[in-house]
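>>> Structure here, sequence nowhere to be found:
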């Protein structure tokens with residue numbers, strides 16, 4: 001017990017929102033638990049953190065599409081795991097998110113072949129790693145550019161049109 005008498009009124013202060021902390025309480029706990037159950041099943045079937053060894057992006061995209069198709073056909077539960085297809089999609093999405101966040105480790109598994117605006121595979125698609133590398137080079141180059149000098153007062157540029 002504190003020595004000072006404290007009124008319990010729910011007006012305690014915590015600056016989580018002002019400090020822009022991630023609001024993990026907004027995630028539905030039943031969804032994160034369902035993903036955990038699928039991961040537990042996978043750890044027993046394969047090995048814990050097996051997915052971190054990497055795999056082709058297309059395998060994850062294909063698995064998500066298959067689980068989504070089951071949902072579209074009104075099948076909510078995966079017969080192998082007895083967990084919802086949404087939890088399996090969540091796992092695949094988490095893996096893919098992690099791989100994309102760490103291109104230095106996983107870019108060799110980025111086998112996506114389509115690009116926006118085309119209906120066919122693009123044979124010369126840059127990998128995610130190449131795109132990020134080019135963006136980084138552009139940012140560095142723009143920082144090196146010198147700002148333009150301002151015109152002196154009282155001077156004007158002559159128009160080419162005359």
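That came through, no problem. What you see is a predicted model; the values in this text were computed from it and never measured. Numbering: from 1, shown residues only.
>>> which residues of the chain score low on pLDDT?
1-2, 16-18, 118-125, 140-162 (pLDDT under 70).
>>> in it, which residue is closest to the centre?
residue 97 (4.1 Å; C-alpha atoms, centre = their mean).
>>> Can you classify that one as helix, strand or coil?
helix (DSSP: H, G, I helix; E, B strand; the rest coil).
>>> separation between it and residue 14?
28 Å (C-beta to C-beta, to the nearest Å). Where C-beta positions appear, they are placed from N, C-alpha and C, glycine not excepted.
>>> same deal with residue 72?
42 Å.
>>> same deal with residue 139?
Look at residue 139 and residue 14: by C-beta to C-beta, they are 36 Å apart.
>>> and the closest residue in space to residue 104 that isn't next to it in sequence, helix, strand or coil?
Excluding the flanking residues, the one nearest residue 104 by C-beta to C-beta, 6 or more residues apart in numbering is residue 129, at 7.6 Å. Following three-state DSSP, residue 129 is assigned to helix.
>>> my guess is residue 129 contacts residue 103, does it?
Yes - if you go by C-beta atoms under 8 Å, residue 129 and residue 103 touch, sitting 4.5 Å apart.
>>> what is in contact with these two at once?
Common neighbours of residue 129 and residue 103, using C-beta atoms under 8 Å, 6 or more residues apart in numbering, are residue 110.
>>> With neighbour numbers in mind, choose between these two.
Between residue 129 and residue 103, residue 103 has the larger neighbour count (other C-beta atoms under 10 Å), namely 18 against 14.
>>> residues touching that one, list them.
Shown here is residue 103, whose contacts under the criterion C-beta under 8 Å, 6+ apart are 110, 128, 129, 132.
>>> run the last query once more with 7 Å
Residues near residue 103 by C-beta atoms under 7 Å, 6 or more residues apart in numbering: 128, 129, 132.
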